[in-house]
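# would you be able to build a 3D model of this:
(chains A, B, C and D)
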Protein chains: 2
Amino acid sequence: MTRSKPLGSPALTSPAVPLRAAGIREVARQAGVSIATVSRALGGGGAVSPQTRERVLEQATALGYEPSPLGRNLVRGRSDLLGLIVPNVSFPLYGEMIRAVEDVLSRHGMSILLASSHDDAATERSAAQHIMRHAVDGGIVINSRLGAALPVRQRLGWVQVASEVPGLPNRVELDNEAGGDVAAHELLATRRRRLAFVGAPGRESQERERGFARTLAAAGLTYRRFEGDYSELSGLQAGETLFAGPDEWPDGVFAAGDLMAAGVLRALHQRGLKVPQQVAVIGFDDAVIASLLYPRLTSIRQPAYPMGVAAVELALRLIGGQSAEPVMFTPELVRRESTGPPD
Amino acid sequence: MTRSKPLGSPALTSPAVPLRAAGIREVARQAGVSIATVSRALGGGGAVSPQTRERVLEQATALGYEPSPLGRNLVRGRSDLLGLIVPNVSFPLYGEMIRAVEDVLSRHGMSILLASSHDDAATERSAAQHIMRHAVDGGIVINSRLGAALPVRQRLGWVQVASEVPGLPNRVELDNEAGGDVAAHELLATRRRRLAFVGAPGRESQERERGFARTLAAAGLTYRRFEGDYSELSGLQAGETLFAGPDEWPDGVFAAGDLMAAGVLRALHQRGLKVPQQVAVIGFDDAVIASLLYPRLTSIRQPAYPMGVAAVELALRLIGGQSAEPVMFTPELVRRESTGPPD
DNA sequence: TTGTATGCGTTATCAT
DNA sequence: ATGATAACGCATACAA
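Have a look, this model is predicted:
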């Protein structure tokens, strides 16, 4: 990347508007009332005579007055802010969740304070502290590495989504095992018998494999396995390994992530194998890329948006002092072009 | 998606820790000093005797005290918050920018307040107001539809990235025209002569096309064009249209976005045309998906992360009262498998 | 070095 | 219906 010389516009440094925005007292003075009345006229709380409210509103808009959230929050004891900690902002799945959180929140007049954990415990901890320094009313942690060790007051209304540390009371989860189960069923239903699994480190992949393995075992089948790291490259390597020799190629592959499935597809292209005629491939997550691949990838959908919605609602309920219970989501198969009858 | 029954954990409703966190007075009392001394001991501002500081710190940690950001912000007149308005959180390119902003910000002890504009002027306006209600020190707007009409006090240190409304003094831009130019050069260099452009509404696509057209004109060439909407589907339709008849197929296509390029690739697959042997394809943005496509897509890279960094730094400078000038970035060609010598 | 006192901008309580 | 005033939690100028 290159940063060329600055554009021709003049440097911007000095303010173009009054240094100090008008405060409540100024409005009160101009309107000839007390600050208490101004607060009532605007806040909608108490009773104010129509003509007084009229005058106040008039002066308020004239002076461009808007209540300071700082002062307001100070006295109310809350900030209308919700913390959100995600492993990686630029990962599409998390983007979906963020979008969900934001959509719900904006309906409640709240905003979201964002931070990343980079899948690292220490970073997550400092992110949480950072966020709490802003007096958020609550928060959501996605894929927490810390779990209960999070420096968070439980009462604040913090919710964990797909936490790496299970067992917390206030959480939103995905039934990964059921996902693996569905994948196995789809492959079996399309008459695949020589199966392979491409996994990755971490609890989620393990759970997906467990469901996969259990269903295969029930059908009297085993499978080959390859350990990747959720990257496309590791999927490519998996594919190259699985389809190396001339003997006994798998005719069905289940990858614990769409990126790895993409890698497998690429290996298959390079070997000149037809998908799904010769080999069926199933991914996990159903990220946007799934439908962009060639052929379009069948995947186990992780309902990111609904999970995000559930998480905020849980947090909001907690903040409101209401009771709340954990929620479990079940993934669903999204059938596309990479599975189907063989040959 | 399915939401199954709640998990077995007990409902969580009542606080597990002291209702009210210890305040500065409590610490002062326990340490036997005044609140002013506590403030100094912790804030690092004034001078405090070592033993006093010792005692204060001791009590502070013992009581689990942490200064309220609300009170602090109120008196300091700033919040250490930066607003960030993006069109769509789940769009990878914006994800990159968000990541950049966050990385830089965290180094300055600041946090980011996020909102989406959904590429809609009204939504953008309300998002901005929402954000400003939290007394942010400044902000960044990506792809603003409002431009100078943004309800933002210039002095606050707001920066616009790739604004739809040009001419603002505090902005970060991409030289789209140069990008189109580079694309044209790459196609010409690989001996393509029957070219096509797939565009979309908006200023950015126009600029990219302008650069493309100018360079082709200089070579005495024209091109066919198709108007899409940045979606894969529109790219697919473009491809189907361009390669419909038996006559005079293009041998090089430049799409104003990677998604549309993906659509073109798919159309080419369906027609059984070889890329790049028969047709070369170039996308724009170099989003993550570019290298996931088959074949891997050559694209004009929009340096999202560096642009994000530049934007925060600009904002930070503005907030600090320093002068700042607009910055222009130049896109670069990322050569992959979808271009190269014909046949 | 430490304490006192004031102010930040608002809401809420209590009189009037 | 309206006004005076006390918080809210902290930082800081000033006095000691």
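
# so where is the stretch 101-250 of chain A shaky, pLDDT-wise?
Across the stretch 101-250 of chain A, the ranges flagged by pLDDT under 70 are A:151-155, A:167.

# which parts of it are strands?
With strands called from DSSP state E, counting those that start in this stretch, the stretch 101-250 of chain A shows them at A:111-116, A:138-142, A:158-161, A:171-174, A:195-199, A:223-227.

# so which elements touch the last one?
Applying 3 or more Cβ pairs under 8 Å, 6 or more residues apart in numbering or on different chains; DSSP states H and E, one finds that strand A:223-227 makes contact with strand A:195-199, helix A:203-218, helix A:232-242. Just so you know, the C-beta spots here come from the backbone N, C-alpha and C atoms, and that holds for glycine as well.

# which elements pack onto the second one?
Going back to what we said before, that points to helix A:203-218. In terms of contacts (3+ Cβ pairs under 8 Å, 6+ apart), helix A:203-218 is packed against helix A:176-189, strand A:195-199, strand A:223-227.

# quick one: which of the ones you listed is nearest DNA strand C?
Of all the helices and strands packed on helix A:203-218, helix A:176-189 sits nearest to DNA strand C, with 44.9 Å by Cβ to the nearest atom of the strand.

# what helices and strands are in contact with that closest one?
helix A:203-218, strand A:252-255, strand A:280-285, strand A:298-301, strand A:332-334.

# how about a cut-off of 7 Å?
helix A:203-218, strand A:252-255, strand A:280-285, strand A:298-301 (3 or more Cβ pairs under 7 Å, 6 or more residues apart in numbering or on different chains; DSSP states H and E).

# with only the CA atoms kept, save the first one in PDB.
Think helix A:203-218. Extracted in PDB, the C-alpha atoms of helix A:203-218 (Å, rounded to 0.1, in the frame of the first residue of the first chain):
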ATOM      1  CA  ARG A 203     -13.800 -27.500  22.000                       C
ATOM      2  CA  GLU A 204     -16.100 -26.700  19.100                       C
ATOM      3  CA  SER A 205     -14.400 -28.900  16.600                       C
ATOM      4  CA  GLN A 206     -14.200 -31.700  19.200                       C
ATOM      5  CA  GLU A 207     -18.000 -31.500  19.700                       C
ATOM      6  CA  ARG A 208     -18.700 -31.500  16.000                       C
ATOM      7  CA  GLU A 209     -16.500 -34.500  15.500                       C
ATOM      8  CA  ARG A 210     -18.100 -36.300  18.400                       C
ATOM      9  CA  GLY A 211     -21.500 -36.000  16.800                       C
ATOM     10  CA  PHE A 212     -20.100 -37.000  13.500                       C
ATOM     11  CA  ALA A 213     -18.300 -40.100  14.900                       C
ATOM     12  CA  ARG A 214     -21.300 -41.200  17.000                       C
ATOM     13  CA  THR A 215     -23.600 -41.300  14.000                       C
ATOM     14  CA  LEU A 216     -21.100 -43.100  11.800                       C
ATOM     15  CA  ALA A 217     -20.500 -45.600  14.600                       C
ATOM     16  CA  ALA A 218     -24.200 -46.300  14.700                       C
END
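
# and the strands of the stretch 101-250 of chain A: which comes nearest DNA strand D?
strand A:138-142 (17.7 Å).

# report the buried residues of that closest one.
Across strand A:138-142, burial judged by 16 or more other Cβ atoms under 10 Å in any protein chain shown covers A:Gly138, A:Gly139, A:Ile140, A:Val141, A:Ile142.

# want to try CSV for these, with distance to A:Arg208 as columns?
Compiled in CSV, those are given as follows (distance: Cβ to Cβ, whole Å):
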residue, distance to A:Arg208
A:Gly138, 30
A:Gly139, 27
A:Ile140, 23
A:Val141, 21
A:Ile142, 18
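
# just those now: which is nearest B:Glu124?
A:Ile140 (24.4 Å; Cβ to Cβ).

# for the closest one, give its distance to chain B.
Look at A:Ile140 and chain B: by Cβ to the nearest Cβ, to the nearest Å, they are 13 Å apart.

# residues in the stretch 51-200 of chain A within reach of chain B, list them.
A:68-71, A:73-74, A:79, A:89-90, A:92, A:95-96, A:98-99, A:102, A:106, A:111-116, A:130-131, A:133-135, A:153-155, A:169-170 (Cβ under 7 Å from any Cβ of the partner chain).

# of those residues, which belong to helices?
Taking DSSP state H as the definition of helices, those contribute A:69-71, A:73-74, A:92, A:95-96, A:98-99, A:102, A:106, A:130-131.

# near DNA strand C, from those?
Contacts with DNA strand C within these, as defined by Cβ under 7 Å from any atom of the strand: A:Leu70, A:Gly71, A:Leu74.

# now, of these, which are buried?
Buried, going by 16+ other Cβ under 10 Å: A:Leu70, A:Leu74, out of these.

# which one of the ones next to DNA strand C among the ones in helices among the residues of the stretch 51-200 of chain A next to chain B is nearest A:Gly283?
Of all those, A:Leu70 has the smallest distance to A:Gly283: 47.2 Å, by Cβ to Cβ.

# was I right to think the closest one contacts B:Ala135?
Yes: using Cβ atoms under 7 Å, A:Leu70 is in contact with B:Ala135, at 5.2 Å.

# now the ones in helices among the residues of the stretch 51-200 of chain A next to chain B: which count as buried?
Using 16+ other Cβ under 10 Å as the burial test, these include A:69-70, A:73-74, A:92, A:95-96, A:98-99, A:102, A:106, A:130-131 as buried.

# between those, which is closest to B:Ile35?
Lowest distance from B:Ile35 to these (Cβ to Cβ) belongs to A:Leu74, with 16.1 Å.

# how about that closest one, what does it touch?
Shown in contact with A:Leu74 (Cβ atoms under 7 Å, 6 or more residues apart in numbering or on different chains): B:Leu70, B:Gly71, B:Leu74.

# and if we set it to 10 Å?
A:Ser68, A:Ala135, B:Ser68, B:Leu70, B:Gly71, B:Asn73, B:Leu74, B:Val75 (Cβ atoms under 10 Å, 6 or more residues apart in numbering or on different chains).
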